[in-house]
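Trainee: With the input below, show me the fold.
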Amino acid sequence: MTRKKIIYRNANSGDVGSLVALEERVWGHMAAHEDKWRSRINIFPDGVWIAESRDIIGVLVAHIIQWDEKNGFPTWEEASGDGFIRNHDINGNVLYGIDFTVEEKTGKNVAVRLLEFPTNMAKESKQFKGMTGARIPSLCKKIRKKDLAKASDEDILRLAKKDPTVNFFLQHGYRIIGIKKDYFSVDEESFGYGAMLEVIK
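Mentor: From the prediction side, this is the model:
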């Protein structure tokens with residue numbers, strides 16, 4: 001059977017059901033539910049990119065926020081407006097990626113293509129830079145939870161640089177600018193940590 005061509009486009013309200021199903025398959029209890037998807041699409045549809053082949057197989061969400069470096073790195077909840085992006089600011093200074101979901105069976109090319117959309121938008125903009133926070137899922141295999149209290153940000157950073165998820169971003173136009181504790185608290189594999197990334201202009 002010939003594989004259907006993959007189409008890349010911005011999402012619309014008719015995609016909500018498929019987006020919910022995709023995230024539940026990939027993330028389980030960490031999935032964004034219907035109300036969050038409707039809010040994201042209603043507020044900033046230009047920042048919701050999907051890959052579609054018979055059904056939606058990947059999605060990336062980014063929106064514009066105002067961020068002051070003096071306040072330190074935001075948590076995911078702060079950056080995403082608790083996942084609803086109600087803090088979207090068209091005049092903001094950062095294009096921030098809050099959701100990147102691709103079914104593993106689709107292969108790496110879909111993820112690479114989706115990541116190009118916000119990356120290129122940030123590179124071409126004179127208004128904002130591009131940022132995101134990446135999971136560090138290999139962390140739970142590299143360090144015991146009981147030893148976390150003794151680990152410094154430098155220790156976590158060293159382990160993050162070896163993580164496949166973080167490295168994907170490093171190979172496609174991003175650099176690490178820091179580590180955030182309690183970035184995404186429900187991410188048990190990463191012990192809640194996030195690697196803070198910036199688009200290289």
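Trainee: where in this protein is pLDDT low?
Mentor: For the chain, the stretches with pLDDT under 70 are 1-3.
Trainee: top strand in it by residue count?
Mentor: Of all segments of type strand in the chain, defined using DSSP state E, the longest is strand 55-65.
Trainee: just how off-centre is it within its chain?
Mentor: Taking CA atoms, centre = their mean, to the nearest Å, one finds strand 55-65 lying 8 Å from the centre of the chain it belongs to.
Trainee: And the following helix or strand past it, what's buried?
Mentor: Toward the C-terminal end, the helix or strand that comes next after strand 55-65 (DSSP states H and E) is helix 76-80. Using 16 or more other CB atoms under 10 Å as the test for burial, helix 76-80 gives 76, 79, 80. To be clear about C-beta, it is placed using only N, CA and C from the backbone, and glycine gets the same treatment.
Trainee: How about stretch 20-39?
Mentor: When neighbours are counted by 16+ other CB under 10 Å, the buried residues of stretch 20-39 are found to be 20, 22, 23, 31, 32, 36, 37, 39.
Trainee: which residues of the chain fall in helices?
Mentor: 16-27, 34-43, 76-80, 108-124, 139-142, 153-160, 164-170 (DSSP state H).
Trainee: Put together CSV for those helices, with distance to residue 69 on each row.
Mentor: Listed next are the helices of the chain as CSV, based on distance: least, CB to CB, whole Å:
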stretch, distance to residue 69
helix 16-27, 30
helix 34-43, 25
helix 76-80, 13
helix 108-124, 16
helix 139-142, 25
helix 153-160, 16
helix 164-170, 20
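Trainee: Tell me which of those helices lies nearest to residue 86.
Mentor: helix 34-43 (6.8 Å; CB to CB).
Trainee: Next, the angle from that closest one to helix 16-27.
Mentor: Here helix 34-43 points in a direction 120 degrees away from that of helix 16-27 (axes from the mean of the first three to the mean of the last three CA atoms, to 10 degrees).
Trainee: which secondary structure elements does helix 34-43 contact?
Mentor: In this structure, helix 34-43 makes packing contacts with helix 16-27, strand 55-65, judged by 3 or more CB pairs under 8 Å, 6 or more residues apart in numbering; DSSP states H and E.
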